[in-house]
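Trainee: For reference, the sequence and a predicted model appear below.
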Amino acid sequence: MSPLAHRRFLKMNGLGNEIVVLDLRGSDVRVQPAEARAIAADPASRFDQMMVLHDPVTPGTDAFVRIYNTDGSEAGACGNGTRCVAWAMLDDPAMARPPLGENLVLETRPGLLAVVRVSPVDFTVDMGRPRLKWDEIPLAEPFPDTRRIELQVGPIDDPVLHSPGAVSMGNPHAVFFVARDPETYDLARVGPLLECHPIFPDRANISLAQVLDRGHLRLKVWERGAGLTRACGTAACAALVAAARLRLTDREATVTLPGGSLRIVWGEDDHVRMTGPTELEHEGTFAPSLFEAAA
């Protein structure tokens, strides 16, 4: 029997970005890729990302968080999921472990994330510094300027999409700037191809961004390992950074996704901070039968 059988989970969302929060602190259990895929396939626990809490590794942090995509792969960062984890650790009776204030420090594979509560359901996450060098993103070949890289979709003399900005916010992003509403593009068709393009050795999140004004972006995202999503916090951060680098926007903007809006600030300290809401949908436990095929 899977060690995840009968484990309690929370089903949450951040702007419609489907999140499962699973607390494995106090155990040495690790989620296996097949188990993550089985959890994602169940309608009761369907997720875009699953946030799994483990005991802290670095002194002064509150938990180590592993992040899983629907295909069982691990992600480096998830801003919407990080806000959900913060709510769960502070407000869920089974997960809250006093004494905790209104602030948390969470550790993920790429580094530390400081989280501050700004309302009962809203949190600001310090997503850290964007990584802008080609080998940090990473890209498969050198690009001295990652504000626009050589990549396009469509005819060479009339491409549908071209010259995205490349940014890492703990996971790689390519941001294509478009002149019209991103919803008018068939991202479900081109997203999988671009995600797995050879220029991205670790695959990439693919975003279409429309600049509405210097303080407002509209965004649609194909998420690496998950597909089309109603919201993606790291993509919103990457879009603001990519736009500001091209002087298309200021360093602070509202980013509107299909699920709602996030406030993104790229501070003078080079840290990107994201503010947005959380919502608890329901709680449940994993049935043992869920993992039979994964055994």
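Mentor: Looks like it came in fine.
Trainee: Tell me who's in contact with the closest residue to V118 other than its chain neighbours.
Mentor: Closest residue to V118 apart from its sequence neighbours, by Cβ to Cβ, 6 or more residues apart in numbering: T124 at 5.6 Å. Every C-beta, even on glycine, is put in place using the N, C-alpha and C of the backbone. Neighbour list for T124: 115-116, 118, 273-275 [criterion: Cβ atoms under 8 Å, 6 or more residues apart in numbering].
Trainee: Export these to CSV and append columns for distance to G259, secondary structure and pLDDT.
Mentor: Formatted as CSV, those follow (distance: Cβ to Cβ, whole Å; DSSP: H, G, I helix; E, B strand; the rest coil; pLDDT from 0 to 100):
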residue, distance to G259, secondary structure, pLDDT
V115, 20, strand, 96
V116, 22, strand, 96
V118, 19, coil, 96
R273, 19, strand, 98
M274, 14, strand, 98
T275, 15, strand, 98
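Trainee: Looking at the residues you listed, spot the one nearest G128.
Mentor: R273 (9.5 Å; Cβ to Cβ).
Trainee: Can you read off the pLDDT for the residue nearest to V118?
Mentor: For T124, the model assigns a pLDDT of 97.
Trainee: Kindly report the same for A295.
Mentor: Looking at A295, the pLDDT reads 63.
Trainee: so what's the residue nearest the centre of the chain up against?
Mentor: In the chain, the C-alpha nearest the mean C-alpha coordinate belongs to C78, at 2.9 Å (Cα atoms, centre = their mean). C78 is in contact with 17, 19, 49, 51, 67, 233-234, counting by Cβ under 8 Å, 6+ apart.
Trainee: so what strands line up beside whichever strand or helix holds the residue nearest to V118?
Mentor: In this structure, T124 is located in strand 122-126 according to DSSP states H and E. Strand 122-126 has the following strand partners under DSSP bridges: strand 111-117 (antiparallel), strand 272-277 (antiparallel).
Trainee: Which residues does the longest one contact?
Mentor: For strand 111-117, the surrounding residues in contact (Cβ under 8 Å, 6+ apart) are 58, 61, 77, 82-83, 85-86, 90, 102-107, 123-128, 170.
Trainee: of those residues, buried ones?
Mentor: Neighbour-count burial (16 or more other Cβ atoms under 10 Å) applied to the contacts of strand 111-117 gives 61, 77, 82-83, 85-86, 90, 104, 106-107, 123-128, 170.
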